[in-house]
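K.L.:
Need coordinates for the below:
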Amino acid sequence: MTVKLYRLTTCYKCDEVEAFLNDEGITFEPLNIDELKGEGQERMLTEVYRLTGQRSFPVTEIDGNSVIGFDEKKLRHLLNLPDREGVSRTARKAIREVVSTKQLEGLLQWVKNTAEAFGCKVNPDETALNKIFDGLLKNERRYGYRTCPCRFSTGDYLKDSDIICPCAYMSWDLEVYGRCYCALYVTDKYIAKEPSLPEYLIDSREAGRMPLEIKGVTEEAIKSPSHKAYIRFVSFLVGSLTRDKIKEEFVNIARSLGLKDEDIRWREMAAVAVGKYKDSGRIIAKMDQGMDVYTYQIWFPERTDFEFRRGGIADAEILVYDREMTGLEIEGTLGGREGYGSIVKDGVRIYADFNFYKGGRDRFVITGETIRITEDVLEGLVKEITILENCYYLLRNERSKYILTSDKMNEIEAGLVGKLSAISMNLPKATPDDLKEWLYSLSTKFGEIAGVSEEVRHYSSDTISRIELMKNILGGWGERAVEDRPSLSKYYLSATAALGDDYKRLSGRIDGIRREMIDIITNLRTKVDLNIQEQSLELQKSVDETTKTQVKLQRTVEGLSVIIISYYIVSLAKFVFEGIKSAGIINVSTTLLTALFVPVAIIISFLLTKEVKEWWAKRKK
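P.N.:
Numbers count the residues shown, from 1 in each chain. The predicted model follows:
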């Protein structure tokens, strides 16, 4: 007997199944899906989906038969075990992480507030409640948001948004089963163990619809859901509406589809709303923003004539069929046109007719076997098609920007060629005024070219990154030809790949002109600097001559000062000598005495002048 247990490390029901198998001595292979990576995880998810048609856990495979959840009666039947339902389990898988009391108290209060808002109760079973809390907190640490611990989470917010607690299916499950899928939220009927409630429930997320009248679970209830779907999306430039208007428009779209405001789950500029569409199944409305655009996307269970408002940057519809289609059927679905086509993702076929630029919308047809078009594969393809459409039409708009920028550069270049040539020829005999005029003119033009260069750098960067993103998506598809149709990559890349090369050539032209201008501007500045240097030397020479003259004048003034002071001193001395002689004190000629006193007066005047000069110099310091 071969037994496999597909489980999640966050799922307490998975622990209960594993404990049951251990207690009964069953040899089995436990497979923790959320701990696998890459192709290994994808392979296991595909296997689970093949067995059950869903991505909810636990799933026990027993010799090709599958049991979803902890259905002990069915497990005992398939394992040929005696009927002993309800015995206590002694073995538990110790996978729970330690969390703080504060974290648990905060989470419990949040859960109670949510239950009050939705008019239900929190599961009174503390043991089960703590295990659910462990799973929620582990998912929050792992992904940044609290997804249902019993469902597989991708880590992509948009893909997981409908299972973020409280999940989008809680209200329906409470009405039908008396509890949500993980039994965190329950009703009074569930607490009272109302016998009318089903013991086991199917996952409303995977059923493709939300049943309202389910009396029990039968084998027929667990079937792979059909992947036939109709998807509409439109993208608008971010600047066309404010953030609040974008959100308001999405709310109006959701209301027009019959969705309620409380069905919408917001995360900044992304949102998802899930609800029931008429009587035919589930409808999903999504909004996302990125790459300079915001996108509205609606998943219908059937084809509809729903229309978005006009004016989008991209507008498309995707028809999905879970079977192979003939060439005539494809052409009929594409509106009678052969269109483009590629085989991608290991056998999934994508056909397309591009009619958006003709006033219509682009149309895609995705066909393949159900086992190939799993829900994860489909969501991935739709996301990639949306990115391809947005990139392609943004690049088509970028072509217009390139033409305008190229024309602007042509105009600048035409006015520069003759001017640069004239400056080069006349530079040796240019006057200072000529140099100033040329330098001003070229500096102004250089500023204009720098502005164009920055535009080209920005546009070129965006263009190249978008082209690379498109190439990565198309390369990841591993495209193969289908029925002699041109491939999707031929359409998307033929009109856009050359734009990156065009921008590179334009950047080369701009760099060449800038280098030539820098060389001439450098020569002009050198010439101006030399002229300034010559003027400085002349000025310095003039200053030196002036300084010498000032020194000579200063010395002359100082000499005259000594003579004048000496004259006054001699005059005073003469009066003194005459007075002394009149008094009879001396009997010598006053003229002789005055003549003899002249040298003394000169020495006194010189010393006095020197002393005054030194005093003045010290005072100035």
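K.L.:
Domains in this structure, by residue range?
P.N.:
Structural domains annotated on the chain: 3-79, 101-220, 229-391, 398-478+503-539, 551-620, as defined by automatic domain parsing.
K.L.:
So which of these is nearest residue 486?
P.N.:
domain 229-391 (5.2 Å; Cβ to Cβ). In this view, the C-beta of every residue, glycine as well, is placed from N, C-alpha and C.
K.L.:
Endpoints of the closest one, how far apart?
P.N.:
24 Å (Cα to Cα, to the nearest Å).
K.L.:
quick one: average pLDDT of it?
P.N.:
The pLDDT scores in domain 229-391 average 86.
K.L.:
circling back to that earlier point, can you put the domains of the chain in JSON lines and add distance to residue 545 and mean neighbour count?
P.N.:
Shown next, in JSON lines, are the domains of the chain (distance: least, Cβ to Cβ, whole Å; neighbours: other Cβ atoms under 10 Å):
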{"stretch": "domain 3-79", "distance to residue 545": "88", "mean neighbour count": "19"}
{"stretch": "domain 101-220", "distance to residue 545": "81", "mean neighbour count": "17"}
{"stretch": "domain 229-391", "distance to residue 545": "69", "mean neighbour count": "18"}
{"stretch": "domain 398-478+503-539", "distance to residue 545": "11", "mean neighbour count": "14"}
{"stretch": "domain 551-620", "distance to residue 545": "11", "mean neighbour count": "13"}
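K.L.:
out of these, nearest to residue 496?
P.N.:
Residue 496 lies closest to domain 398-478+503-539 among these, at 6.0 Å (Cβ to Cβ).
K.L.:
Now do the SS call for residue 360.
P.N.:
Secondary structure, DSSP: H, G, I helix; E, B strand; the rest coil: residue 360 is coil.
K.L.:
For the domains of the chain, give me TSV that also has distance to residue 495.
P.N.:
Shown next, in TSV, are the domains of the chain (distance: least, Cβ to Cβ, whole Å):
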stretch	distance to residue 495
domain 3-79	33
domain 101-220	29
domain 229-391	10
domain 398-478+503-539	8
domain 551-620	83
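K.L.:
out of those domains, nearest to residue 497?
P.N.:
Nearest to residue 497, of all the domains of the chain, is domain 398-478+503-539, at 5.9 Å by Cβ to Cβ.
K.L.:
gap between residue 274 and residue 119?
P.N.:
Using Cβ to Cβ, to the nearest Å, we find residue 274 at a distance of 19 Å from residue 119.
K.L.:
tell me the secondary structure for residue 553?
P.N.:
The local conformation at residue 553, judged by three-state DSSP, is helix.
K.L.:
what about it, distance to residue 564?
P.N.:
Using Cβ to Cβ, residue 553 is found at 16 Å from residue 564.
K.L.:
Please apply the same query to residue 153.
P.N.:
Computed as Cβ to Cβ, the residue 153 to residue 564 distance reads 109 Å.
K.L.:
next one: residue 447
P.N.:
Note on residue 447: its distance to residue 564, by Cβ to Cβ, is 67 Å.
K.L.:
which element follows the lowest-mean-pLDDT helix or strand in the chain toward the C-terminus?
P.N.:
The least trusted helix or strand in the chain, going by mean pLDDT, DSSP states H and E, turns out to be helix 204-207, with a mean of 62. Sequence order places strand 229-237 as the next helix or strand after helix 204-207, per DSSP states H and E.
K.L.:
And the strands in the stretch 51-200 of the chain, which stretches?
P.N.:
Counting by DSSP state E, counting those that start in this stretch, one finds strands in the stretch 51-200 of the chain at the ranges 59-62, 65-68, 121-122, 185-186.
K.L.:
Could you dump the ones you listed into CSV with mean pLDDT added?
P.N.:
Putting these into CSV (pLDDT from 0 to 100) gives the following:
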stretch, mean pLDDT
strand 59-62, 91
strand 65-68, 84
strand 121-122, 94
strand 185-186, 93
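K.L.:
Which one of the ones you listed lies nearest to residue 146?
P.N.:
Checking those against residue 146 by Cβ to Cβ gives strand 185-186 as the closest, at 13.2 Å.
K.L.:
Name the helix or strand for residue 524, please.
P.N.:
Using DSSP H and E, residue 524 falls in helix 497-582.
K.L.:
Following the chain past that helix, name the next helix or strand.
P.N.:
Immediately after helix 497-582, counting by DSSP H and E, sits helix 590-620.
K.L.:
Now do stretch 308-318: distance to the chain's middle.
P.N.:
Chain-centre distance of stretch 308-318: 23 Å, with Cα atoms, centre = their mean, to the nearest Å.
K.L.:
Sweet, I'm off.
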